[in-house]
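*Asks:* what shape does this take:
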Amino acid sequence: MVVSTIKKIFHIKEHWILSSVLCWCTFTILASVFYITIGISLISSVAALALAIYSTQSLVKKTMQCSQRLPIERLPTTRQRIAILSAILVDVFLLSIVWSLRTDWALQTPWVAVTIPFFLALGISTALLLFAAQQKSSYLTLVGMTAHWALLYGVALIAFRYGYGYDPIIHQAAERTVAEHGSIQPFQPFYIGQYSIVGALHALTRIPTDFIDRMLVPVFAITTLPTIIWYGLVRGYKIPSHAAALAVLALPIIPLSDLTYTVPYTLTVLYAIWFVFLLPVSIDSPLARWTIAMIAIAAVVTHPLLGVPLLLLSLCVLISARIKQQKLLSLLLFFAIPTTLIGMFGIFRLLHEQSFFAPWSISDFWTNAIVVFSMPYPFSEVAWYWKFLYQYEHYGLLIGLIIMGVIALMKTKNGHDQRPLLALVAGMLVTVVLLPTLIAIPGVVEYEQYEFVLRLRDSIVLFLLPILLVNIGMLLQKTRSMLVRWAIIGAMGILTSIGFYLTYPQINPVVQASGWNMGRHDIDAVQAIEDDARGNRFVVIADQLLSAVALRERGFDQTLPTPQQGGIYPYAISPSEFLFPYREEILYSQLRPDVVTGLFEYLDLEYVYVAVHEYWYRVDAIEQEIIDASGEIMVGPAGVRLYRFQRAPR
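*Replies:* The predicted structure follows:
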C-alpha cells in the first residue's frame, strides 16, 4: 500500500521539466519588456507571471500529443537506499561544518579552516552516489544528487554571510533601485533580464532584493541542473537513465565557480547549461524547440556575451528542423559567431566615438593569444601536486573536452548530430583569438581588457559538457570489471574533491593572493561616515569593495552636485570616475596634503574621509601619512580604519 502510494505521488509527467523552464524564461522576457516600457511594479509583475503561465499552458496543450512520465525505472533497492542516504548524511555533516565557520569578518576563501579530511569525506559521498547509480535510477537518486549539489554549489551562500565577490554588490545596488523606482535611468540595454526578474520577484513576494539576488543562481543550479541534465541525456542523447545519473555525478569534476554566485553573466551560464542539454530533445519535441528558443532570448536580455551565441545556435537548430542542410548551417554558424560578437564590441566603440577597430598589428594576435591561453600562476618551487591541480584546471579539462569534441565531430552513436555545437565552439575559439587584438573596450582599464575574452574562453567548456558526460556515463555503464569500475569510481571521487576545491577562491603556495569579500565592518564603516558627516558635503577615499558596499547601502541617487563635473558619486566605484585617480594615488602610492586640499577647494567639500581595511598592505603607512597631514583618526568598526580631514575655517 505504501509503495503504491509513493509510486502515484512520484508519477511526474516529464513535460513539467520543459514547461517549468519555458515558463521561467517567458516570465523573464515579459518582465524585461515591462522594465523597458512601464517599469517593474506589482501590477506589471503579476501581469508578466500570469501571461507566462497562460502562454506556457497553451503551448503544452498544443504541442504535447501525450503526457509521458519521467523515465525512472523503479524504486531503489535496499543497498541503493543505504548508499544514497549515507551520502546525504555525509553531505549534511559537511554543510554543518561550513555553517560552523560562518563569521562577520571578511574572508578570502571558505577553506580557511578546512582540512584534507573534509575533501576526503566529499569524495566518499560522491563514491557512494556513484555506487547507488550504477544499476537503476530512481527518484531517490535524483534527491541524492540534488543534496550533493547543495554542498558543491551552496558553500558561498553559507560561508560568506554578507556577500561574495565585488560585482554582485554592484548589481544588488542596481536591483534595489529597480525595486524602488521600477527601472534604472538613463536606460542601458544590459543586464535587463536579471534586474527585471529580481525586481519582479521582490514585487510579488516582498522578499528583499539582496536575498533574491544571492539565492538566484546557486539555488537554481542546485534544484534544476541535476534533473535537467539527467533528462536531457536520457531523452535527447538516448543513454540509459542510470548511465545518465552517473554522468550527472561526473559534472562536478569541472570547477564551475559561475554557479556559486549571481551576476548577469553567471545567470546566463545557467541558461547555457539548460540549453545545451535540452537541445537534442528539441529534435523530436516541438515544446522543447519553443523552450530552447525562449532560453536563448532570456539569455540575450540578461547578458549578450553568452546570450548571442545561444540565440544563433538556437536559430541554426530551429532552421535545420525544417531544411536538412546541417553542414551549410553549421558553416554559417561558425562564421556568424565571431562576426556578431566582434561586431557588438565594434558598435560599442562607435557609440563612444572611437573607430570600429582598435589599432593593431599582425604580431598582436600571437601576443594576445599567448596571454589568453597561458597559465595565470607562476610554478616556481611548488610541490608536484600543486602543479597537477592547476594544470588540470587550466589545460587538462579543455584539452580533454576538445579531443572528445573531435571524436564526436560527425555524430554520436545515438545519431544526434554534434556539428552545430562544435561549429559554435570553433567560432568562439576564433573570437577569443581575434577579439583582444581588434577591440579595446572603451572605459575599461588595461588590466581588465581581457575579462570578456576570458569569459568567452571559459564558456567554451559549457558547450562541450554533453559530449563529456555522455562519454563518461557510457564508460561507467559498459565497464564490466568490478576492479576497473571501482577504480573509476575512486578516481571520480578524487576529481570531484579537486573540482570542489577549485570552484571557490583559494589561498595556497600557488595562489598566494585572493580578493577579500564583504564583511559586517564594511556596512558599519559606511554608516559611521554617514553619521559623522551629518548631511554635509563629503567624499570618501576607499577601495573598490567598500565603495561598492556604499553604493548598495546609499543607492545611485545620492550624488554630489558640482559645477565643474556635474554630479559625482562620493565614493570611487569605477576607473572612469573623477575620484578614481585620487584613490589610486592615496591607497597605492602616497597621501600628499596638497591632494586633500585640492579636493576641498575643487569640490567645495566639508569633509574628506579615508577608509582603509586592516588587511591592506599599506594600512600603517597610510595612517602615518594622514597624521603627518593633520588628519583625524576616527572611532570606526573593527576591521576598517577611518580617518577624517575637515575643511579649514573660511
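
*Asks:* residues near V317, how many?
*Replies:* Residue neighbour count, defined by other CB atoms under 10 Å, stands at 24 for V317. Where C-beta positions appear, they are placed from N, C-alpha and C, glycine not excepted.

*Asks:* other SSEs contacting the stretch of helix or strand it belongs to?
*Replies:* Using DSSP states H and E, V317 falls within helix 304-320. For helix 304-320, the contact count by 3 or more CB pairs under 8 Å, 6 or more residues apart in numbering; DSSP states H and E identifies helix 264-278, helix 286-302, helix 326-351, helix 419-438, helix 451-478 as packing neighbours.

*Asks:* out of the ones you listed, which gets nearest to V33?
*Replies:* helix 286-302 (8.9 Å; CB to CB).

*Asks:* and the closest one, what's buried?
*Replies:* Neighbour-count burial for helix 286-302, counted by 16 or more other CB atoms under 10 Å, picks out 287-302.

*Asks:* restrict stretch 170-185 to CA atoms and write it as CSV.
*Replies:* Output of stretch 170-185 as CSV, limited to C-alpha atoms (Å, rounded to 0.1, in the frame of the first residue of the first chain):
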residue,chain,number,x,y,z
ILE,A,170,27.2,46.5,-7.7
HIS,A,171,24.3,44.5,-9.2
GLN,A,172,22.5,44.3,-5.8
ALA,A,173,22.7,48.1,-5.7
ALA,A,174,21.1,48.3,-9.2
GLU,A,175,18.3,45.9,-8.1
ARG,A,176,17.5,48.0,-5.1
THR,A,177,17.0,50.9,-7.4
VAL,A,178,14.8,48.9,-9.7
ALA,A,179,12.7,47.7,-6.7
GLU,A,180,12.3,51.4,-5.6
HIS,A,181,11.8,53.2,-9.0
GLY,A,182,10.8,50.4,-11.4
SER,A,183,13.9,50.8,-13.6
ILE,A,184,17.3,52.5,-13.8
GLN,A,185,17.6,55.7,-15.7
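
*Asks:* can you pull out the low-pLDDT segments for the protein?
*Replies:* 1-14, 64-76, 397-417, 563-566, 650 (pLDDT under 70).

*Asks:* once you drop chain neighbours, what's closest to the most centrally placed residue in it?
*Replies:* Centroid-nearest residue in the chain, with CA atoms, centre = their mean: T266, separated by 2.4 Å. Once flanking residues are discounted, T266 sits nearest to D258: 4.3 Å by CB to CB, 6 or more residues apart in numbering.

*Asks:* please report how far A50 lies from L429.
*Replies:* According to CB to CB, to the nearest Å, A50 and L429 sit 43 Å apart.

*Asks:* do T437 as well
*Replies:* To L429, T437 is 14 Å away according to CB to CB.

*Asks:* what do you get for D284?
*Replies:* From D284 over to L429 (counting by CB to CB), the distance is 30 Å.

*Asks:* same question for R457.
*Replies:* From R457 to L429 the distance is 8 Å (CB to CB).

*Asks:* contacts for the helix holding V317?
*Replies:* Residues outside helix 304-320 that contact it (CB atoms under 8 Å, 6 or more residues apart in numbering) are 190, 265, 268-269, 271-272, 275, 279, 282, 289, 292-293, 295-301, 326, 329-330, 332-333, 336-337, 340-341, 344, 420-421, 423-424, 427-428, 452, 455-456, 459.

*Asks:* that one: which residues count as buried?
*Replies:* 304-317, 320.

*Asks:* now do the strands in this protein.
*Replies:* Taking DSSP state E, the strands of the chain run over residues 538-541, 560-562, 566-568, 607-613, 632-633, 640-646.

*Asks:* turn the ones you listed into a markdown table, columns for distance to L599 and mean neighbour count.
*Replies:* What follows is these, written out as a markdown table (distance: least, CB to CB, whole Å; neighbours: other CB atoms under 10 Å):
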| stretch | distance to L599 | mean neighbour count |
| --- | --- | --- |
| strand 538-541 | 6 | 24 |
| strand 560-562 | 11 | 15 |
| strand 566-568 | 11 | 12 |
| strand 607-613 | 5 | 24 |
| strand 632-633 | 16 | 12 |
| strand 640-646 | 8 | 21 |
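
*Asks:* could I get these as CSV with distance to S137?
*Replies:* Formatted as CSV, the strands of the chain follow (distance: least, CB to CB, whole Å):
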stretch, distance to S137
strand 538-541, 56
strand 560-562, 60
strand 566-568, 59
strand 607-613, 49
strand 632-633, 64
strand 640-646, 52
